[in-house]
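Undergrad: Got a predicted model here, sequence first, then my questions.
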Amino acid sequence: GDSQTQTINPNIPALLSFSTSSESIIAGSCSSAVTVDVYDQHNNLINQGSDTNYTVASTTSGTTTFYSNNDCSTLLNSATVTVTSGSNNGSFYFKDTAEGSNTISVTGSGFAGSDSQGYTITEAPPYELEITSTAVAVKAGACSSAIITRRKDQFGNIVSPASATTLTPSGGSMSFYSDNSCASSITTINISSGSSQQQFYFKQNSVATPVLAVGGTSVTVNDSQQQNIVPNLPYVAEIGTTPATIVAGECSTAFVINVKDQHGNSIDESTNTTIDLISASSGTNSFYSDSSCTSTITSTTVVSGTSSSSIYYSDTLVGTPTISTSGLTSGDSTTTSIIAAIPAALEFSTTAASVPAGDCSSVVTARRKDQFNNISNHSSVTTVTPTGGTLSFFSDVNCTSAQATFDITSGATTASFYFNQNTVGSPTLTIAGSGGITSATQAQSIVPNDAYLLAISSATQTLEAGVCSTAAVTVDIKDEQSNLISAPAGTTFVVASSRT
């Protein structure tokens, strides 16, 4: 027999096949070399007689890029790999930024069969925080809905690494909590190992649109979200603007009544709200709806769509009355100052006393009042003119400085003076005031002073020697001003004659 060695050469290129194994790749990292072999239709490797090209593609084409070098710095031209002449394979590299499964496929012109291979793309390290919950309106003082914050890598993949991230929320005047009743206060909270997200809650008492910021450890980019704090339910009828002073009997400027929630935020009412008005003054007082104080009211209405109402007040009694509101969960109160109106009359603020003839009286005080009988410290000057009997008037306690008029100065309520009179009697002291105000009177009592002299009040008689006088000789006791006085019991005096 005979034999002959035959050479069986590969047929024409027909198949492409991955010769490297699938691997798990971190998102954004460069893969190991991916090698694709060229086979004929009988699965024989074929060394190419000339450069042969094949094209690579990915099921995640939007996030996968292909490279010719192992640091993924040089992109493949048109995602095409060249199997050079004399070689039976070609290699490439890729990276993908989307976590999940990625199938790489290879195809070529003239190849009857293509090939594909699956890869797993894993998350990269945490890079940024993202608030995923939607901002909704939160009532002042109420607990918010859950604020959900999650970790992502730099390519936007949600990550759940083995490490924890400590979150620090901040913003506005918000306080933060771990529970949905806002009972457990926090300043930080952790996204725990193996978890991608954490939630917390907040509340803020003041109406505002604060920016909620969330910072975290071991991340590069934080996140923030604008919140909307809106008023809570109507709680108090607050007395806002108040007049500094009100002149007795006159109409005040406006008191502004504001409807607020329990945290002091103004509320635009959704319906008409009635607020009751109360004054603690014992004087004649009223509330009014108008600035001329003609329409009396006992309550005011905050109209739907508004947050306040203006009222006006009048009172005849000087003082600091308390003005109050009621009608909601809580009322409010404030004091206002009622000052005296212009002077309308004078009065004596001191009582009359007996004054010995010729002596200086005790102090006499004239006081001015307004038409409502309030003592008036008006800014005007009132000149007081005292008159009566044969009284003389003085500015000093010793009655040495005579004076006809006395001024109640600006801001003062009284003027004082002194008087004397030499004759015993009951003169009426009148005080009249400038500006046409009503005068006042007071009965005074001038009484005899101390015994000072003796005076024979009977007529002179002619007598015969040795004969008793026909009429009694009368001796009067008088004070220094010659007013008769009643001698105290047991008073004696000595009688003498020029003839012995």
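TA: It's in.

Undergrad: what's the spacing between the most centrally placed residue in the chain and Val207?
TA: For the chain, Gly264 is the residue whose C-alpha lies nearest the centre (C-alpha atoms, centre = their mean; 6.5 Å). Remark: distance between Gly264 and Val207 (C-beta to C-beta, to the nearest Å) = 9 Å. In short, each C-beta sits where N, CA and C put it, glycine included.

Undergrad: and what of Asp276?
TA: Separation of Asp276 from Val207 (C-beta to C-beta) stands at 26 Å.

Undergrad: pLDDT weak spots in the stretch 301-450 of the chain?
TA: Applying pLDDT under 70 to the stretch 301-450 of the chain flags no residue at all.

Undergrad: which residues in it form strands?
TA: Listed in chain order, the strands of the stretch 301-450 of the chain (DSSP state E, counting those that start in this stretch) span 308-315, 322-326, 332-335, 337-339, 345-348, 354-356, 364-369, 382-387, 392-394, 406-408, 414-420, 428-433, 440-443, 445-447.

Undergrad: who's more crowded, Asp276 and Val207?
TA: Higher neighbour count among Asp276 and Val207: Val207, with 18 against 15, using other C-beta atoms under 10 Å.

Undergrad: Let me see the confidence value for that one.
TA: If you check Val207, the pLDDT there is 97.

Undergrad: what's the answer for Thr7, then?
TA: Model confidence at Thr7, given as pLDDT, is 63.

Undergrad: Not counting its neighbours along the chain, what's nearest Thr220?
TA: Once flanking residues are discounted, Thr220 sits nearest to Tyr127: 5.4 Å by C-beta to C-beta, 6 or more residues apart in numbering.

Undergrad: how many other residues sit next to that neighbour?
TA: For Tyr127, the neighbour count with other C-beta under 10 Å is 19.

Undergrad: go on, Ser181?
TA: If you count neighbours by other C-beta under 10 Å, Ser181 ends up with 8.

Undergrad: For it, give its distance to Leu317.
TA: For Ser181, the distance to Leu317 equals 51 Å [C-beta to C-beta].

Undergrad: related to what we said a few turns ago, ranking the strands of the stretch 301-450 of the chain by burial, who's on top?
TA: Comparing these by mean neighbour count (mean count of other C-beta atoms under 10 Å), strand 364-369 ranks first with a mean of 23.

Undergrad: Give me the angle between it and strand 428-433.
TA: Note on geometry: by axes from the mean of the first three to the mean of the last three C-alpha atoms, to 10 degrees, strand 364-369 and strand 428-433 are set 40 degrees apart in direction.

Undergrad: what helices or strands is strand 364-369 leaning on?
TA: Identification of packing neighbours for strand 364-369 by 3 or more C-beta pairs under 8 Å, 6 or more residues apart in numbering; DSSP states H and E yields strand 345-348, strand 382-387, strand 406-408, strand 414-420, strand 428-433.

Undergrad: Now render the strands of the stretch 301-450 of the chain as TSV, adding distance to Thr55.
TA: Listed next are the strands of the stretch 301-450 of the chain as TSV, based on distance: least, C-beta to C-beta, whole Å:
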stretch	distance to Thr55
strand 308-315	74
strand 322-326	82
strand 332-335	80
strand 337-339	93
strand 345-348	114
strand 354-356	132
strand 364-369	110
strand 382-387	112
strand 392-394	127
strand 406-408	112
strand 414-420	113
strand 428-433	116
strand 440-443	120
strand 445-447	134
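
Undergrad: wait, what's in contact with the closest residue to Asn69 other than its chain neighbours?
TA: Here the nearest residue to Asn69 in space, its sequence neighbours aside, is Tyr93; by C-beta to C-beta, 6+ apart that works out to 6.8 Å. Applying C-beta atoms under 8 Å, 6 or more residues apart in numbering, we find Tyr93 in contact with Cys30, Ser31, Ser32, Ala33, Val34, Phe66, Tyr67, Ser68, Asn69, Asn70, Cys72.

Undergrad: Same check on Ser279?
TA: By C-beta under 8 Å, 6+ apart, Ser279 lies in contact with Asn285, Phe287, Tyr313, Asp315, Pro321, Thr322, Ile323, Ser324.

Undergrad: Of those residues, just say which sits nearest to Gln227.
TA: In terms of C-beta to C-beta, no member of those lies closer to Gln227 than Ser324, at 35.9 Å.

Undergrad: For the stretch 151-300 of the chain, which segments count as helices?
TA: Under the criterion DSSP state H, counting those that start in this stretch, the stretch 151-300 of the chain carries no helices.

Undergrad: quick revisit: and the gap between the residue nearest to the centre of the chain and Ser497?
TA: Gly264 is 103 Å from Ser497, where distance means C-beta to C-beta.

Undergrad: and what of Thr132?
TA: The gap separating Thr132 from Ser497 is 135 Å, by C-beta to C-beta.

Undergrad: The two: who's more crowded?
TA: Using other C-beta under 10 Å as the criterion, Thr132 and Ser497 rank with Thr132 on top: 15 against 5.

Undergrad: Which residue, other than its chain neighbours, is closest to the more buried one?
TA: Once flanking residues are discounted, Thr132 sits nearest to Ile148: 4.9 Å by C-beta to C-beta, 6+ apart.

Undergrad: residues contacting the residue nearest to Thr220?
TA: The neighbours of Tyr127, taking C-beta under 8 Å, 6+ apart as the test, are Lys152, Asp153, Gln154, Val219, Thr220, Val221.

Undergrad: Much appreciated, bye for now.
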